[in-house]
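# Pasting the sequence and the predicted coordinates here, then a few questions.
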Amino acid sequence: MKLEVLGTGCPKCKKLTELTQEAATELGLSFEIVKVDQINDIMNYGVMITPALAIDGRVVVAGKIPSKEEIKKWLLENKAK
Amino acid sequence: MSECCNGGNKSLLYACSGCSDVGACSDKTVRKLSKDGFGKMTCLAGVGARISGFVESAKGADENITIDGCLVACARKTLECIGVKPKSFILTEMGLIKGKTAATEEVVKNMSNKIMAENKNTSSGNCAPGSDCCCG
């Protein structure tokens, strides 16, 4: 599973990366986390506010830090597809 | 959009950009407001196409502001289709006449000023001019 954290490197982006890593690890998923920190790359997702998280190319949240439980829910939903 | 802003608000601006003259006015007005730091222009078409990044950005924004040319209110209704209730401005309700209003610099400036004045009391703050207000 490809997990992309979109943001230019602010503390909130780093926090989202940590939470995502923890959530995926706790679920025992096979995953890779990619940081997308170039503005043009972020804009190509249509993301206007960061931090944002994309799971296998689909943005699931933007502009806020979700809870770990929310991230787990999105990960499981994506896995079930 | 080179770096994150320091806790500024996240107002996203949408124009209907419709084919009529007032649609053109909405587009130019939003571009001016965005340039002046009132908020950040984003793509209504992206929301309409359900591009996940645009949809989630709208849901995550502190405030979404739609500027429609006329009462059909396509921009406002597009946001409502994804469950987001925007603050709505409709230019024909602010004095413009559909079919009789060229999108001149003067008209755009007038509409921009009215919108900024009306929104002044309710907005939580503005992005600095030229900033991109990316981080919340």
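Yep, it's here.
# The residue most central in space within chain A bridge partners, please.
Centroid check for chain A by Cα atoms, centre = their mean gives A:L53 as the closest residue, at 2.6 Å. Note on A:L53: beta-bridge partners A:V5, A:V61, judged by DSSP bridges.
# would you list every one of the strands in chain B?
B:11-15, B:40-41, B:63-68, B:87-90 (DSSP state E).
# Could you single out the most deeply buried of the ones you listed?
strand B:11-15 (a mean of 27; mean count of other Cβ atoms under 10 Å in any protein chain shown). Using the backbone N, CA and C atoms, a C-beta is placed for each residue, glycine as well.
# Any part of it near chain A?
Yes: using Cβ under 8 Å from any Cβ of the partner chain, strand B:11-15 comes into contact with chain A via B:L12.
# Pull up the pairing partners for that strand, direction included.
Counting by DSSP bridges, strand B:11-15 is paired with strand B:40-41 (parallel), strand B:63-68 (parallel).
# so how far is the first one off the chain centroid?
I take that to be strand B:40-41. With Cα atoms, centre = their mean, to the nearest Å as the basis, strand B:40-41 stands 7 Å off its chain's centre.
# Please apply the same query to stretch B:45-55.
Centre to centre, stretch against its chain (Cα atoms, centre = their mean), the figure for stretch B:45-55 is 15 Å.
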